[in-house]
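Peer 1: my questions concern the predicted model and sequence given below.
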Amino acid sequence: MPLPIAEGGDYVAAAYVVFVTLVVVYIAIIGAKLSRIEKELDTLNELVDKRPE
Amino acid sequence: MTSVLFGKRLGALAWVTAAFMLAAMVLVFFYAPEDADQGFRQKIFYVHVPLAIVTLCGFVAGGIFAIKHLRTGERSWDVRSYVAIHLSIMLGVGVLATGAIWAKTAWGHWWVWEEPVLVSYLIVFLLYCCYQPLRFSIADPERQSRYASVFAITAGAFVPLNFVAVRLAEQYTHPRVLSETGGDMPGDMRLTFFVCIAAVALLFTTLWKLELTNKHVAEQLKRLRRRLEAQA
Amino acid sequence: MIAAAAAILRKDLTVELRTRESVPAMVLFSITVFVLFHFGLDRDTLEGDLATGVIWVTLLLATVLGVNRLYVAERDQGGFTALRLAPVDLTALWLAKAAALFLYLAALELVALPAFDLLLLGPGLDGALPELLPILLLANLGLAAVGALISALAIETRARELIVSLLLLPLVVPVVIAAARATEPLLAAGQSPDDLAKWLGFLALYDVVFVLVSVAVFDYLLDD
């Protein structure tokens, strides 16, 4: 039985929450990768600094 | 892959995406009229259907990039294909989840076979779930890219066929619920729909470019490190 | 290329006739599955949609068995390398394997369908036969084309047999849909098929698409 109109709101909210969560999770994954890149770049810079010129 | 820059105009794209998403949300909640039959819960369509359309296009795009990869042999096309498919799978989870939520509100169950789009999508999703395991079970990187491209092309050709088959199968037994909001949509609903589809498509493209740039940077960094360590 | 494909096909059929590996296994498997369904569904006879479901799912699972074994000989005995060295279009291999699979399926159905008729089917098969044949023909064609492609894709990966089932089954869902919907009125007592043409048309479309796709991409699987 389809829900009465008044109770639809919760489910609509749930659907949008799912959508936003997925996008944010994706951003978090990219963010984690980015911070790893930053650390790597740091070590590389140190490597170059330590080289006898 | 050195001559290809993936991050070009990523910033501008992201701003346009933000504008469209804002416009879409405003239209959905303040402009689009409430559906006479289904009431407020029809609003779920504005996130479920655009997500489904965009991810299906993402799968097909993955196949097209794969064709270019096999024809030119350039790895950049393979990466584009991989990210498109991988992103579509992730958002595909959202399609199934929002579809289930909508099914619960419309039919009372979390899953119904009466919705041909949802059923067709599940089959496509199950197929593409094998993409990453297949890729990572092949050690040699060149062969991995080639086999992944073959899969992407085969699966990409499969998507429209599967959709047609499921539609044909359900046609006579169950009327298409989506057609209520499909064919005879009032003008303001239709506008809202198109803006939502555009917004999700832009979001997909932005995230796709974002991941591509990220991957490229990581790989360039690895190259740089190897060269530095070789000289040290 | 046709000559090369014919040669490979002849080799495969000779091996199969001598070792009797694939087809008897597929037949035995099908009959066992019929028995399983008898107990699982707790039925003595089936008709209509239940019968359709049982026969097509059984045929499909037996196909997976056949697909798994398609390239094993080439892999174990260096057939791939030999073909790459020969001045032959690599697609000949796909053509030969697809043709072999088609023949195996035909042989399977020759035995499995009468067995099904005997064991589980309520209304007889005889009236349905003329309509059943084109359905089987087109469905087998699609299964053979996709099966030969996917088998080659999976042969070099680690979890070979698993990958085949996971990849093949979703890809052939449209074939099952069309074949089952077309067969359903044939297996129900006293019904005539109304939209047979539609389903046959769709099967033909599926076959064309996947034959084209397979021919286009198969080379890239063997290039090294």
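Peer 2: Sure, I can see it.

Peer 1: ok, B:Trp110 - contacts?
Peer 2: For B:Trp110, the contacting residues are B:Ala100, B:Ala103, B:Lys104, by C-beta atoms under 8 Å, 6 or more residues apart in numbering or on different chains. C-beta: built from backbone N, CA, C; applies to glycine.

Peer 1: which SS state does it fall under?
Peer 2: At B:Trp110 the chain is in coil, as set by DSSP: H, G, I helix; E, B strand; the rest coil.

Peer 1: hang on, the earlier thing: what is the nearest of the contacts of B:Trp110 to B:Asn214?
Peer 2: B:Ala100 (30.9 Å; C-beta to C-beta).

Peer 1: list the buried residues of the host helix or strand of that closest one.
Peer 2: Using DSSP states H and E, B:Ala100 maps to helix B:75-107. For helix B:75-107, burial by neighbour count (16 or more other C-beta atoms under 10 Å in any protein chain shown) applies to B:76-92, B:94-106.

Peer 1: restricting to the residues you listed, which residues neighbour chain A?
Peer 2: B:Leu87, B:Met90, B:Leu91, B:Gly94, B:Ala97, B:Thr98, B:Ile101, B:Trp102, B:Lys104, B:Thr105, B:Ala106 (C-beta under 8 Å from any C-beta of the partner chain).

Peer 1: any idea how far the third one is from A:Val25?
Peer 2: Using C-beta to C-beta, to the nearest Å, one obtains 11 Å as the distance from B:Leu91 to A:Val25.

Peer 1: show me where pLDDT drops low in chain C?
Peer 2: C:122-128, C:189-194, C:224 (pLDDT under 70).

Peer 1: 80 instead, please
Peer 2: By pLDDT under 80, the weakly predicted segments of chain C are C:1-5, C:12, C:15-21, C:43-48, C:72-89, C:120-131, C:156-161, C:185-195, C:222-224.

Peer 1: can you list the residues of it near chain B?
Peer 2: C:146, C:149-150, C:153, C:156-159, C:163, C:166-167, C:170-171, C:173-174, C:177-178, C:181, C:195, C:198-199, C:202, C:205-206, C:209-210, C:213-214, C:216-217, C:220-221, C:223-224.

Peer 1: recalculate using a threshold of 6 Å.
Peer 2: Applying C-beta under 6 Å from any C-beta of the partner chain, we find that chain C lies next to chain B at C:157-158, C:166-167, C:170-171, C:173-174, C:177, C:181, C:206, C:209, C:213, C:217, C:220-221.

Peer 1: the longest helix in chain C is where?
Peer 2: The single longest helix within chain C, with elements called by DSSP state H, is helix C:91-119.

Peer 1: lowest average confidence, helix or strand, in chain B?
Peer 2: helix B:178-182 (a mean of 47; mean pLDDT, DSSP states H and E).

Peer 1: so does the helix or strand encompassing B:Ala201 get close to chain A?
Peer 2: Here B:Ala201, judged by DSSP H and E, is contained in helix B:187-231. Yes - using C-beta under 6 Å from any C-beta, helix B:187-231 reaches chain A at B:Leu207, B:Leu210, B:Asn214, B:Val217, B:Ala218, B:Leu221, B:Arg225, B:Leu228.

Peer 1: any of the residues of chain C next to chain B buried? List them.
Peer 2: For those, buried by 16+ other C-beta under 10 Å: C:157, C:166-167, C:170-171, C:173-174, C:177, C:181, C:206, C:209, C:213, C:217, C:220-221.

Peer 1: what separation do you get for the closest residue to chain C within chain A and B:Leu203?
Peer 2: The minimum distance from chain A to chain C, using C-beta to the nearest C-beta, falls at A:Leu22 (22.7 Å). Using C-beta to C-beta, we find A:Leu22 at a distance of 11 Å from B:Leu203.

Peer 1: which one's more surrounded, the two?
Peer 2: Shown here are A:Leu22 and B:Leu203; by other C-beta atoms under 10 Å in any protein chain shown, B:Leu203 has more neighbours (24 against 19).

Peer 1: any weak-confidence spans in the chain?
Peer 2: Because you didn't say which chain, this covers chain A. Confidence mapping of chain A against pLDDT under 80 gives the ranges A:1-11, A:50-53.

Peer 1: please refer instead to chain B.
Peer 2: B:1-8, B:32-42, B:105-109, B:112-117, B:167-188, B:229, B:231-232.

Peer 1: go ahead and flag the most central residue of it.
Peer 2: B:Thr55 (1.8 Å; C-alpha atoms, centre = their mean).

Peer 1: got the phi and psi for C:Leu46?
Peer 2: Per-residue torsions, C:Leu46: phi -130, psi 150 (degrees, to the nearest 10).

Peer 1: that one: how many residues sit nearby?
Peer 2: C:Leu46: 23 surrounding residues under other C-beta under 10 Å.

Peer 1: count the neighbours of the closest residue to it other than its chain neighbours for me.
Peer 2: Leaving out its chain neighbours, the residue that sits closest to C:Leu46 by C-beta to C-beta, 6 or more residues apart in numbering or on different chains is C:Leu120, at 5.0 Å. Using other C-beta under 10 Å, the number of residues around C:Leu120 comes to 22.

Peer 1: next one: C:Leu120 from C:Leu187, what distance?
Peer 2: In terms of C-beta to C-beta, C:Leu120 sits 10 Å off from C:Leu187.

Peer 1: got the residues of chain B near chain C?
Peer 2: Residues of chain B found near chain C (C-beta under 6 Å from any C-beta) are B:70, B:123, B:126-127, B:130, B:137-138, B:146, B:150, B:153-154, B:157-158, B:161-162, B:165, B:169.

Peer 1: separate out the buried members of those residues.
Peer 2: Applying 16+ other C-beta under 10 Å to these flags B:70, B:123, B:127, B:130, B:137-138, B:146, B:150, B:153-154, B:157-158, B:161-162, B:165, B:169 as buried.

Peer 1: need phi/psi at B:Arg9.
Peer 2: B:Arg9 adopts backbone torsions of phi 60, psi 20, taken as degrees, to the nearest 10.

Peer 1: contacts only, for it.
Peer 2: Going by C-beta atoms under 6 Å, 6 or more residues apart in numbering or on different chains, B:Arg9 touches no other residue.

Peer 1: likewise for C:Val164?
Peer 2: C:Val67, C:Asn68, C:Ala154.

Peer 1: now with 7 Å?
Peer 2: C:Val64, C:Val67, C:Asn68, C:Ile150, C:Ser151, C:Ala154 (C-beta atoms under 7 Å, 6 or more residues apart in numbering or on different chains).

Peer 1: for PyMOL, write the select line for the buried members of the residues you listed.
Peer 2: Per 16+ other C-beta under 10 Å, the buried members of the contacts of C:Val164 correspond to this PyMOL selection:
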select buried, chain C and resi 64+67+68+150+151+154
